[in-house]
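**Q** mind folding the following:
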Amino acid sequence: TYGVQSVYRSEGLNGLQPGTPYHLRYRLVGSLGTAYSQDATFDTPVASPTWARQSLPDNATNYLYSVDAVDERTLYATGSDVFRTTNGGLTWQATGARYLFNHYSYATAFWSAAEGVAVGEGTDVIIATSDSGRTWTSRLTLPSYTYVPKVATYNGSTIVAVGSNGFVARSADFGVTWQVGTLPTITNVSALTFAGPSTVLVTDYNGNILRSTDAGATWTLAQTVGDGVLSFSAVDANTIYAGGYNYVWKSTDGGASWTQIFSSPGYAYGMHMLDVDNGYAVSYSGRVFSTSDGWQTYQVTPTGSGNSLYAVDASGRGVTAVGATGTIRRLGPIFEEEPNNEATTSFEVSYNAEVEAVLDPNGDVDYYKFSGAIGDTVEISTVVPPTSDLFAYSGTIIQLFDPLGTRISFSDWFVVDPALGVTDRMVR
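**A** Down below sits the predicted model:
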């Protein structure tokens, strides 16, 4: 009907391994006995992670330089403003920080969902908020124009910011007051991180890595690695990774010494390690690299964007990457925002989006909208978590409407699996 064609898929084949060939025979049981079809084979391809596109308010197309995930729902991203989401990126809001900077905001450091600082360029170079960015207060004003692209914190009690011409500032009182100094050797910083409560590392595009063991009060040159370092990711107080133009380095002594462990996938602008083995790095042309063995090997994951990505952060079940022309890509769930029980209050989602929602009370309706092209095949599915009581399951109804509100498809067919829950799927 209406030119919409169904695509049927198998259901209930659980426990199959990816990249594995399997044999299949059909069995027909009747009054004359049992008959089998000829043997057939099929392969289970390795599924690639799917990244969903997200958008800034008013279709802003500025560069995004950093993303700071407080948790899987609350994130801050910086560019022409400091942007905030509280639902994993379903919606983003500008906080108004741009009115305090002369130009861009380049990084944030939050120690709670509400409290944090942002750095930028101009004369007011450090600003702070205690109400999730609803209001901002200038915390450091300099006599001359200064570029401050990096800031990092250890639980808010200690904060370090670095910038042009060796600028460094540190705070020991949650960003209320700051002491300004000068970094030795480095003039053009590229990355900054804490590795424990008092160890801080900063580097430049020439591979000079400075180390402080007193929370940024004094600095020494730890090592020059011979290639530009673009990003740090500290797993703990001892293990830190560094990504560069051509290589990845690793330290196991808190940044005192570094060993090249692998040829970089190329221009690791941002890196986030989940543990000593697993992590992500972002690069040009919208590429995300992932590793499961501490960068001994890596996999390339396309994000559907051709724009450079400059930062990545992972928290809980979500990974978010940001970059040029307002690019935001999300791997993992986004979270329902009420009200959305009418078409006029629906929220827009992109292909590959995974929305975590609550249908309560019984009969609750949630609306979402998306845009596609003629010829696209779209799968819409719902999964209700499993329960020990098979009779307690209640399925969902999926309906698809055109822009005029005419229903063009309907699905009330679902599969119950004690391990997976209730799955309802529509493929059109």
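**Q** quick one: the strands in the stretch 51-200 of the chain, in order.
**A** Secondary structure of the stretch 51-200 of the chain (DSSP state E, counting those that start in this stretch): strands located at 52-54, 66-69, 75-78, 82-85, 93-94, 105-110, 116-129, 137-147, 150-154, 158-162, 167-171, 179-182, 189-194, 200-204.
**Q** now the fifth one: how far from the chain's centre is it?
**A** Taking the mean of its C-alpha atoms, strand 93-94 sits 17 Å from the chain's own mean (C-alpha atoms, centre = their mean, to the nearest Å).
**Q** picking up where we left off before, now distance to residue 263 too, for the strands of the stretch 51-200 of the chain, in a markdown table please.
**A** No exception for glycine: its C-beta is placed from N, CA and C like everyone else's. Rendered in a markdown table, the data for the strands of the stretch 51-200 of the chain read as follows (distance: least, C-beta to C-beta, whole Å):
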| stretch | distance to residue 263 |
| --- | --- |
| strand 52-54 | 30 |
| strand 66-69 | 26 |
| strand 75-78 | 30 |
| strand 82-85 | 34 |
| strand 93-94 | 39 |
| strand 105-110 | 28 |
| strand 116-129 | 32 |
| strand 137-147 | 31 |
| strand 150-154 | 25 |
| strand 158-162 | 28 |
| strand 167-171 | 32 |
| strand 179-182 | 34 |
| strand 189-194 | 19 |
| strand 200-204 | 19 |
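**Q** can you pull up the bridge partners for the spatially most central residue of the chain?
**A** Ranked by distance to the mean C-alpha position of the chain (C-alpha atoms, centre = their mean), the top residue is residue 320 at 1.2 Å. In this structure, residue 320 has beta-bridge partners residue 313, residue 330, where bridges are defined by DSSP bridges.
**Q** give me the low-pLDDT residue ranges for the stretch 301-428 of the chain?
**A** In the predicted model, the stretch 301-428 of the chain carries pLDDT under 70 at residues 387-394, 414, 416-422, 427-428.
**Q** and the chain, by the same measure?
**A** Counting by pLDDT under 70, the chain contains low-confidence residues at 1-23, 26, 28, 38-49, 59-61, 264, 387-394, 414, 416-422, 427-428.
**Q** at 80 instead, please
**A** Counting by pLDDT under 80, the chain contains low-confidence residues at 1-33, 35-49, 58-62, 226, 262-266, 316, 384-395, 412-428.
**Q** mind listing the helices for the chain?
**A** When assigned using DSSP state H, the chain turns out to have no helices.
**Q** so residue 200 makes contact with residue 191?
**A** No. Under the contact definition of C-beta atoms under 8 Å, residue 200 does not touch residue 191, with a separation of 11.4 Å.
**Q** next, count neighbours for the nearest residue to residue 324 once chain neighbours are set aside.
**A** Spatial nearest neighbour of residue 324, excluding adjacent residues (C-beta to C-beta, 6 or more residues apart in numbering): residue 307 at 4.1 Å. Other residues lying near residue 307 total 19 when counted by other C-beta atoms under 10 Å.
**Q** now swap in residue 97 and tell me
**A** 23.
**Q** how about the nearest residue to it, chain neighbours excluded?
**A** With C-beta to C-beta, 6+ apart as the criterion, residue 97 has its nearest non-adjacent residue at 4.0 Å, and that residue is residue 82.
**Q** state the distance from that neighbour to residue 209.
**A** 28 Å (C-beta to C-beta, to the nearest Å).
**Q** same deal with residue 112?
**A** Shown here: residue 112 relative to residue 209, a distance of 30 Å by C-beta to C-beta.
**Q** same deal with residue 92?
**A** Here residue 92 is placed at a distance of 34 Å from residue 209 (C-beta to C-beta).
**Q** those two: which has the busier surroundings?
**A** With neighbours defined as other C-beta under 10 Å, residue 92 and residue 209 compare such that residue 209 has more, 26 against 21.
**Q** so who does the more buried one touch?
**A** For residue 209, the set of contacting residues under the criterion of C-beta atoms under 8 Å, 6 or more residues apart in numbering consists of 201, 202, 203, 221, 222, 223, 224, 225, 229, 242, 255, 258.
**Q** what subset of those is buried?
**A** Burial by neighbour count, judged by 16 or more other C-beta atoms under 10 Å, picks out 201, 202, 203, 222, 223, 225, 229, 242, 255, 258 from these.
**Q** go through those residues and flag which are in strands.
**A** Within the buried ones among the contacts of residue 209, membership in strands is found for 201, 202, 203, 222, 223, 229, 242, as judged by DSSP state E.
**Q** mind listing what residue 309 touches?
**A** Contact criterion C-beta under 8 Å, 6+ apart gives 269-270, 282-284, 286-288, 303, 321-324, 327, 329 as the residues in contact with residue 309.
**Q** pull out the buried residues from those residues.
**A** The buried subset of the contacts of residue 309 (16+ other C-beta under 10 Å) comprises 269-270, 282-283, 286-288, 303, 321-324, 327, 329.
**Q** residue 286 reaches residue 301, doesn't it?
**A** No. Using C-beta under 8 Å, residue 286 and residue 301 do not qualify as a contacting pair, with a distance of 9.8 Å.
**Q** sorry, back to before: tabulate the buried ones among the contacts of residue 209 (a markdown table), appending distance to residue 35.
**A** Written out in a markdown table, the entries for these read as follows (distance: C-beta to C-beta, whole Å):
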| residue | distance to residue 35 |
| --- | --- |
| 201 | 69 |
| 202 | 73 |
| 203 | 70 |
| 222 | 73 |
| 223 | 72 |
| 225 | 68 |
| 229 | 67 |
| 242 | 63 |
| 255 | 69 |
| 258 | 67 |
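**Q** and the gap between residue 138 and residue 239?
**A** Relative to residue 239, residue 138 is positioned 36 Å away (C-beta to C-beta).
**Q** just to revisit the earlier point, so the residue nearest to residue 324 is in contact with residue 283, correct?
**A** No. Here residue 307 does not reach residue 283: they are 11.1 Å apart, not a contact under C-beta under 8 Å.
**Q** okay, and the beta partners of residue 348?
**A** Per DSSP bridges, residues listed as beta-bridge partners of residue 348: residue 369.
**Q** quick one: contacts for it?
**A** Residue 348 sits next to 55, 368, 369, 370, 371 when contact means C-beta under 8 Å, 6+ apart.
**Q** neighbours around residue 125, how many?
**A** The local packing of residue 125 (other C-beta under 10 Å) involves 29 other residues.
**Q** count the neighbours of the residue nearest to it when sequence neighbours are not counted for me.
**A** Here the nearest residue to residue 125 in space, its sequence neighbours aside, is residue 148; by C-beta to C-beta, 6+ apart that works out to 4.4 Å. Under the neighbour criterion other C-beta under 10 Å, residue 148 is assigned a count of 26.
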